[in-house]
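# next input, structure requested:
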Amino acid sequence: MTAPQTLQRMHQLIWALIYGGLLALVLGIATAPADEPLGWALGLTGGVLAAVGVVLIGVRSRMQPGA
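Below is the predicted model of the structure:
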C-alpha cells in the first residue's frame with residue numbers, strides 16, 4: 001500500500017522527466033548542426049530522461065493505492 005501523496009509526487013516526477021527529456025532531445029537535434037558535441041550531449045541526456053520516465057510509468061502501475 002502506497003500513500004496518496006507518494007503516488008501524486010511520483011506522477012509529477014514521471015511527467016516532468018518525460019516532457020523535460022523530450023524537450024532536451026529536440027533541442028539536441030536542433031543544436032547538433034551548429035555544435036555537434038553539445039547536440040549529442042543534449043540529445044542523449046534527453047533520451048535517457050524520457051526513458052526513465054517511461055520505466056517509472058511501469059513502476060507506478062504496479063503500486064497499490066492505500067491509506
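# could you use CA atoms for every contact and neighbour count after this?
Will do.
# pLDDT below threshold where in this protein?
67 (pLDDT under 70).
# centroid residue for it?
Leu17 (2.3 Å; CA atoms, centre = their mean).
# what sits against that residue?
Leu17 makes contact with 49-50, 52-53, according to CA atoms under 8 Å, 6 or more residues apart in numbering.
# JSON lines for these, including neighbour count, distance to Ala30 and secondary structure?
What follows is those, written out as JSON lines (neighbours: other CA atoms under 10 Å; distance: CA to CA, whole Å; DSSP: H, G, I helix; E, B strand; the rest coil):
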{"residue": "Leu49", "neighbour count": "22", "distance to Ala30": "18", "secondary structure": "helix"}
{"residue": "Ala50", "neighbour count": "24", "distance to Ala30": "17", "secondary structure": "helix"}
{"residue": "Val52", "neighbour count": "15", "distance to Ala30": "22", "secondary structure": "helix"}
{"residue": "Gly53", "neighbour count": "23", "distance to Ala30": "22", "secondary structure": "helix"}
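# where is the longest helix in this protein?
In the chain, taking DSSP state H as the definition, the longest helix is helix 4-31.
# how about that one: buried residues?
By neighbour count on 16 or more other CA atoms under 10 Å, the buried set for helix 4-31 is 7, 10, 14-15, 17-18, 20-29, 31.
# try stretch 60-67
So for stretch 60-67, nothing qualifies as buried (16+ other CA under 10 Å).
# chain center to that stretch, what's the gap?
20 Å (CA atoms, centre = their mean, to the nearest Å).
# before we move on, what about stretch 32-52?
Per CA atoms, centre = their mean, the centroid offset for stretch 32-52 relative to its chain is 13 Å.
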